[in-house]
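K.L.:
pasting the structure only:
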């Protein structure tokens, strides 16, 4: 038999599936996974408690309800917005202050639980059993209003950041980022608005709590969760916007990178190509033998397909060609620095190659000489220059 509660249950299941998929990706994808998972758990727990389905032996639900995890929604939403509008954004220790309200609440909860031991949880479980019979006016208690206000502050600031992002980058290709940002923001607004409207209407009309009325307040959130599935199908996982690099004097490495970029590439693609080279040269990912294109895409907070499209414009021709070129450059540097007594295969392994045959083949392709011939040439040149 159809009921609103069935739709809420489907929404919670769908949110869990989305979260499991998005947790595999770093950056905004992982923050979005944490956000919708938290929303769905709170929705499910809230429905159980408010509709009278809660039983006193449901210890996990009792603990979760008392934790007031709604205090985490604002910081997680803000983290998603920041990483979507700037893929290079990195969090530091100062950002931990956003978790302070939640940590203070958890500290209070734990200290009271330890002081009163098992009696506290038992009392809370009995208290939660009576929630369904209480009037809707309880939703307007001081703690509930402060928690809602805390989230609304983050929502307002996040909305401002999204507006400024659109204002500054409206000439760039930001359609996908805007779709994700606006969809998640609308879910937040509708979630707050629907709960508020249902609660106010119930108070004015003096309605009692029921499963269909509680489910009705969650319908907009469920609709938002399914709209995220549509975005995942159309655009893949959310990828942050790569801002223009700050203008500065180019180093020799940057000049080499720029020379390797084809002249017909657009300014935005050129910036991304330089960013790829900077990431590889700075962090020396090519020295890892198992480093893959997926890993590089995650480091840059872009999709694998975006990375493939951009690398196709590089003079090297692709990901593996670029990685092999960097590995050969690393081997040449080591040949100059290391003594002749060091085995060539050891140098190859240190520079990211995982087999002797591939090392010899790739090295000769890029230098026109075998590794041993090249080393002899280097050492002879050094001897002559002394």
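P.N.:
Here it is on my side, so go on. Bear in mind the structure is a predicted one, so any value in this text is a computation, not a measurement. Numbers count the residues shown, from 1 in each chain.
K.L.:
where in the chain is pLDDT low?
P.N.:
For the chain, residues meeting the criterion pLDDT under 70 lie at 1-4, 48-66, 88, 112-135, 172, 242-268, 316, 380-386.
K.L.:
Check which residues of the helix ranked longest in it are buried.
P.N.:
The single longest helix within the chain, with elements called by DSSP state H, is helix 175-204. Across helix 175-204, burial judged by 16 or more other C-beta atoms under 10 Å covers 176-181, 183-185, 187-188, 191-192, 194-195, 198-199, 202. Heads up, the C-betas are built off the backbone N, CA and C, glycines and all.
K.L.:
same check, this time on stretch 279-296
P.N.:
Counting neighbours by 16+ other C-beta under 10 Å, stretch 279-296 gives 280, 281, 285, 286, 287, 291, 296 as buried.
K.L.:
Next, give phi and psi for the closest residue to the fourth one other than its chain neighbours.
P.N.:
Spelled out, it's residue 286. Nearest non-adjacent residue to residue 286, counting by C-beta to C-beta, 6 or more residues apart in numbering: residue 326, 4.1 Å away. Per-residue torsions, residue 326: phi -70, psi -40 (degrees, to the nearest 10).
K.L.:
how much space is there between residue 326 and residue 358?
P.N.:
15 Å (C-beta to C-beta, to the nearest Å).
K.L.:
Please say which of the two ends up with more neighbours.
P.N.:
residue 326 (20 against 13; other C-beta atoms under 10 Å).
K.L.:
what sits against the more buried one?
P.N.:
For residue 326, the contacting residues are 280, 281, 286, by C-beta atoms under 8 Å, 6 or more residues apart in numbering.
K.L.:
can I assume the last one is in contact with residue 330?
P.N.:
Yes: contact status for residue 286 versus residue 330: in contact at 6.9 Å, counting by C-beta atoms under 8 Å.
K.L.:
now the residue nearest to residue 286: how far from residue 283?
P.N.:
For residue 326 relative to residue 283 (C-beta to C-beta), the value is 11 Å.
K.L.:
about what we covered before: identify those among the buried residues of stretch 279-296 that sit within strands.
P.N.:
Using DSSP state E to define strands, no part of the buried residues of stretch 279-296 is located there.
K.L.:
Need the contact partners of stretch 225-237.
P.N.:
Against stretch 225-237 from outside (C-beta under 8 Å, 6+ apart): 11, 14-15, 18, 21-22, 25, 29, 32, 36, 39-40, 176, 179-180, 183-184, 187, 238, 303, 305.
K.L.:
Need the overlap of contacts for residue 286 and residue 330.
P.N.:
Joint contacts of residue 286 and residue 330 (C-beta under 8 Å, 6+ apart) are 351, 352.
K.L.:
Please, where are all the helices along the stretch 251-386 of the chain?
P.N.:
Secondary structure of the stretch 251-386 of the chain by DSSP state H, counting those that start in this stretch: the helices cover 252-259, 267-283, 293-300, 304-311, 319-337, 344-350, 356-367, 371-385.
K.L.:
Mind putting the ones you listed into CSV with distance to residue 139?
P.N.:
Formatted as CSV, these follow (distance: least, C-beta to C-beta, whole Å):
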stretch, distance to residue 139
helix 252-259, 57
helix 267-283, 48
helix 293-300, 41
helix 304-311, 44
helix 319-337, 53
helix 344-350, 63
helix 356-367, 65
helix 371-385, 73
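K.L.:
closest to residue 91 out of these?
P.N.:
Nearest of the helices of the stretch 251-386 of the chain to residue 91, taken as C-beta to C-beta: helix 293-300 at 15.6 Å.
K.L.:
And that closest one, how far out from the chain middle?
P.N.:
13 Å (C-alpha atoms, centre = their mean, to the nearest Å).
K.L.:
Next: stretch 353-363.
P.N.:
With C-alpha atoms, centre = their mean, you get 36 Å for stretch 353-363.
K.L.:
Can you list the buried residues in it?
P.N.:
So, applying 16+ other C-beta under 10 Å, buried residues of stretch 353-363: 353, 359, 360, 362, 363.
K.L.:
Once you drop chain neighbours, what's closest to the first one?
P.N.:
Going back to what we said before, that points to residue 353. Using C-beta to C-beta, 6+ apart and skipping the chain neighbours, the partner closest in space to residue 353 is residue 359 (4.1 Å).
K.L.:
my read: that neighbour touches residue 345, true?
P.N.:
Yes: applying C-beta under 8 Å, one finds residue 359 in contact with residue 345, separated by 7.2 Å.
K.L.:
overlap in contacts of those two?
P.N.:
Between them, residue 359 and residue 345 share no contacting residue, judged by C-beta under 8 Å, 6+ apart.
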